[in-house]
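*Asks:* When you get a sec, could you give me coordinates for this:
(2 chains)
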Amino acid sequence: MQDAFVAFDRVQKSYDGETLVVKDLNLHIGKGEFLTMLGPSGSGKTTCLMMLAGFETATHGEITLDGKPINNIPPHKRGIGMVFQNYALFPHMTVAENLAFPLEVRKIGKSEREEKVLRALDMVQMGDFGGRRPAQLSGGQQQRIALARALVFEPELVLMDEPLGALDKQLRETMQFEITNLAHRLGITVVYVTHDQTEALTMSDRVAVFDDGRIQQLAAPDTLYEEPQNSFVAQFIGENNTLSGRVTRIDGDICEVTLDDGEVIDAVPVNVSAVGDRTLVSIRPERVEMNKDRLAPDAHTLKAEVAEFIYMGDIYRTRLRVAGRDDFIVKTRNAPDQRRLKPGEQIEIGWRPQDCRALDA
Amino acid sequence: MTDAATGNIGRAAADARRAEAEQTGPVMAADGRPLKQSLNRALRAQKLRALALIAPLLLFLLVTFVAPIFDMLFRSVENQITSETLPRTVVALEDWDAQDLPSQDTFAALAYDFMEAAERRIHTRLGSRLNYETTGISSTFRRSGRGIDDLGETQAEQFIDLNPQWEDPAAWVALMAAPDWIAAQADWAARADAADAADRPFDEAEPAFRLAGGIAATLPETADAYRSFATTIQQEDEDSPTAEEPWNTVYLALYRDLLRQPAATIAAYDGPQAALVQEAAGVAAGFEATDLPAFFIDMDDGWGDLKTWETIQTFSDPYTAGYFLAALDLQLTPQGIEMQPEEQQIYLMLFWRTIVLSLTIMGLCVLLGYPIAYLLSNLPMRTSNLLLILVLLPFWTSLLVRTSAWKVLLQQQGVINDTLVWLGLVADDARLALINNQVGTVIAMTHILLPFMILPLYSVMKTIPPSYVRAAKSLGATNSTAFWRVYFPQSVPGIGAGCILVFILSIGYYITPELVGGRTGIFISNRIAFHISDSLNWGLAAALGSILLILVLALYWLYDRLVGIDNVKLG
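*Replies:* Take a look at the predicted model:
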């Protein structure tokens, strides 16, 4: 991507000189893009964010912002807005003073400052709270103020470090929606760090899944979910059933996998290359079909025994014993024609071959 | 449950909610009592339990700490010693105008008081007390204590010459004592003798002396003087008045009574020994008189000095502001409150010096402690713990050792001066005076009190997340702006706590100024210690201590107004 707004170019980071926390990171973020860095803790995503903000220096490689290398620019000259995990609202200043702070240090005149502060407060629907102290606000309100403060000086790039981590579920969902809305309306570029995959999927244009200091997959949310490139991504994003086996035949974009207990299934070969490779087959729980009529006549099916049936309102969640494993999950819509299974019942399950991906073992 | 029932329950719940919302007035508990009352009842048991838990410590503190402190503070205004030692004199001096020497009667009152005080050996204590106010009184009192025995001897001899009965203790007892006391005393003597004969220990107290009914009306001064005599020898010497010849002052009192009481009163007396008294009354007018002022002045010139009498009069109230005035370089004179003479003023200067030096020490501690605390709070845990131990290290060494170490370092031939001379920064003949002056006090105390600044600062700084400074920087603040606008304001509670600690500790500091302060570097507390242990002027020491306490409380109040005490955090 030539017109990348933010670019990481072969960036490495080590704290102790022995292990690399970030290994050879290459990442290009387009202008106006909402990119999420998703990964378990210790995967290097926050370090990347801190390098971009300027609080950590890259051990190797170059980071550019709008085409200019920023490795040697101190954080306060980068002009990047940032929202911190604990909001980091200055407790000794009122909300308005907090918002005026970035404008003050930029030597913006008083009247313009006040106008911008008011506009920013209105933007997050907190117009009446200018005189309050951060401690007098609820978590959600503090979150909005932190957002407004990161935006009030009109940065083109805003970094967010798990900003919704401290909020309860309902509030988090509202804020997710508000943040994405705001980002798109203002046309700002957002780099968002989270370990919550739902958040990543619902908010982002693209998601970079981090593990072990590397980006495992960088893709749009739907691609990420439906076409995971490796077992880690398949496991980390959403719920996933895995079955282990060996590739016994590859035929173009369909391969045959013999499971460890001898049963045979069809799958899409993703990162298996030859017959005989060990593989982990990944099937999403909602793509498993229990009604044989809906399957192709020649589709492979597996015998399964119902281990547990959980009623969850909108869906049924059934745990099955399949191919020697008892953690095979099937999700079915609570539809009028859907039968409630009983534990111990013997059924047959199958899926469309394209929903079943043979990944690395 | 049918659908209808479910619906009813739902409606009932909604009705209840509505009723609750509409209800005004006090909220009621389930049993119909007001909720507040029920809550108080429930909390009372908890409070009692909490009180019971702290009761032993509370009692211990009350007995060993609070009560002594209040007793000590009470001494700063307490002055019962004058009215207790010289009760008659104090009464006689009430209307004295301080123009001339007091009257013969006042001197007589002084004679009776002084005789008893001298026998009880408490006159020197009053002498020392009044000496704080007027120098010289102590020696006047001491000398008079030795000579007072002889006052009234002239009269005694003449009475005895007239009738040898006057020499007989039994005759005096018959005249003065109540009959039932005489009987009781005789009983007691018999028991004492019996015990003595049987070689048994005998520690029964004598029956307390009581005057006869009518005698005080006939011979008031004699009765008073005799009672003073009888009570004193009973209590002090554990002798019996029945076996002791009265003091000479009792004869003096008898002489004065016989001259001053109307002849009719004496003639009308018909109690025991009436004949003896009436015989003496007839001739007493011809006895040789004693000029009381002359006698006292002869014992000590001090009694001829109006100032002595003024002092007794001024400090005759049981409560006095004298100590407090003295602590503020003021004095109480019959003309009102005045400044002490220039050369005796010391305390105001000492208070001022104590405050100024304490503020200096506090300021230095902030300047030296802040960067250290900042460093400590930003280092990794392991390193900061190690360094924190270095900060605490002085606490494991005796205060005396540390202060003595400073003596070695700071003296003229000490390490610091030697180094400076060696470096050529200071000429050998112009070595710096770093000790036995205020410089020494400030240096040593800053070192000793520094941990008290660092620790609260550290614990407050530890709670300031690094994300605040990061946020400030990401918002465009330079390092110094981020520090001054964001970090520093949040560390102010720590500065406040450290300052209060250091200032209050240093304002009452004693050992270090004593050892390295010399003459110009001592604090008010050194003066308090001097009055407690050397001059024994506890009243003044208590007054100085009270003023110091008030000063600290006032500064605390001021601090609360300016900074707000809620902003003080010790961790």
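
*Asks:* got any ranges where chain B has weak pLDDT?
*Replies:* Applying pLDDT under 70 to chain B flags the ranges B:1-26, B:567-571.

*Asks:* for the helix ranked longest in it, which positions count as buried?
*Replies:* For chain B, the helix with the greatest residue count under DSSP state H is helix B:347-378. For helix B:347-378, the neighbour count (16 or more other CB atoms under 10 Å in any protein chain shown) marks B:347, B:350-351, B:353-355, B:357-362, B:364-366, B:369-370, B:372-374, B:376-377 as buried. Any C-beta I mention is one placed from the backbone N, CA and C, and that applies to glycine too.

*Asks:* Run through the neighbouring helices and strands of it.
*Replies:* Applying 3 or more CB pairs under 8 Å, 6 or more residues apart in numbering or on different chains; DSSP states H and E, one finds that helix B:347-378 contacts helix B:381-392, helix B:438-462, helix B:488-507, helix B:524-533, helix B:538-562.

*Asks:* Just the buried residues of the shortest one, please?
*Replies:* Applying a neighbour-count criterion of 16+ other CB under 10 Å, the buried positions in helix B:524-533 are B:524-532.

*Asks:* Get me the contact residues on the stretch 351-500 of chain B for chain A.
*Replies:* Residues of the stretch 351-500 of chain B lying near chain A by CB under 8 Å from any CB of the partner chain: B:465, B:467-468, B:470-479, B:481-482, B:485-486, B:489-490.

*Asks:* in the stretch 151-300 of chain B, which spans are helices?
*Replies:* All helices of the stretch 151-300 of chain B, identified by DSSP state H, counting those that start in this stretch, fall at B:153-162, B:169-176, B:179-197, B:215-218, B:220-232, B:248-260, B:263-268, B:274-283, B:292-299.

*Asks:* nearest to chain A, of those?
*Replies:* Taking CB to the nearest CB, helix B:220-232 is the member of the helices of the stretch 151-300 of chain B nearest to chain A, at 72.8 Å.

*Asks:* How about the secondary structure of whatever residue of the stretch 101-250 of chain A ends up closest to chain B?
*Replies:* Proximity of the stretch 101-250 of chain A to chain B (CB to the nearest CB) peaks at A:Pro102, 3.7 Å away. The local conformation at A:Pro102, judged by DSSP: H, G, I helix; E, B strand; the rest coil, is helix.

*Asks:* For the residue nearest to it when sequence neighbours are not counted, give me its contacts.
*Replies:* Spatial nearest neighbour of A:Pro102, excluding adjacent residues (CB to CB, 6 or more residues apart in numbering or on different chains): B:Leu475 at 3.7 Å. B:Leu475 is in contact with A:76, A:81-82, A:101-102, A:105, A:149-150, A:153, counting by CB atoms under 8 Å, 6 or more residues apart in numbering or on different chains.

*Asks:* can you check B:Ala156 too?
*Replies:* So B:Ala156 contacts B:166, B:248, B:251 (CB under 8 Å, 6+ apart).

*Asks:* Please report how far the closest residue to the last one other than its chain neighbours lies from A:Val191.
*Replies:* Same thing as B:Tyr251. Spatially, and ignoring its direct neighbours in sequence, B:Tyr251 is nearest to B:Ala156 (3.8 Å; CB to CB, 6+ apart). With distances taken as CB to CB, to the nearest Å, B:Ala156 is found 114 Å from A:Val191.

*Asks:* Same question for B:Arg431.
*Replies:* Using CB to CB, B:Arg431 is found at 65 Å from A:Val191.

*Asks:* Of all residues in the stretch 251-361 of chain A, which one is closest to chain B?
*Replies:* For the stretch 251-361 of chain A, CB to the nearest CB, closest residue to chain B: A:Gly313, 19.7 Å.

*Asks:* How far away from the center of its chain is stretch B:91-100?
*Replies:* Distance of stretch B:91-100 from the chain centroid (CA atoms, centre = their mean, to the nearest Å) equals 30 Å.

*Asks:* what's next to that stretch, contact-wise?
*Replies:* Stretch B:91-100 is contacted by residues B:102-103, B:105-106, B:109-110, B:306, B:309-310, B:312-313, B:316, B:334 when judged by CB under 8 Å, 6+ apart.

*Asks:* again, only using 10 Å
*Replies:* Residues from elsewhere that reach stretch B:91-100 (CB atoms under 10 Å, 6 or more residues apart in numbering or on different chains): B:83, B:86, B:102-103, B:105-110, B:113, B:306-307, B:309-310, B:312-314, B:316, B:334-335.

*Asks:* ok, the residue of the stretch 251-361 of chain A closest to chain B - contacts?
*Replies:* Counting by CB under 10 Å, 6+ apart, A:Gly313 has contacts A:Asn334.

*Asks:* Am I right that it is in a helix?
*Replies:* No. Assessed with three-state DSSP, A:Gly313 is coil; it does not lie in a helix.

*Asks:* Spell out which parts of the stretch 151-300 of chain A neighbour chain B.
*Replies:* With CB under 10 Å from any CB of the partner chain as the criterion, the stretch 151-300 of chain A meets chain B at residues A:152-153, A:155, A:158-159, A:161.

*Asks:* same thing but 7 Å
*Replies:* Near chain B, the residues belonging to the stretch 151-300 of chain A are A:Phe153 when assessed by CB under 7 Å from any CB of the partner chain.

*Asks:* all helices of the stretch 151-300 of chain A, in order?
*Replies:* For the stretch 151-300 of chain A, the helices defined by DSSP H, counting those that start in this stretch occupy A:169-186, A:197-203, A:221-226, A:231-236.

*Asks:* on that earlier part again, now the residue nearest to B:Tyr251: how far from B:Ala109?
*Replies:* Applying CB to CB to B:Ala156 and B:Ala109 gives a distance of 19 Å.
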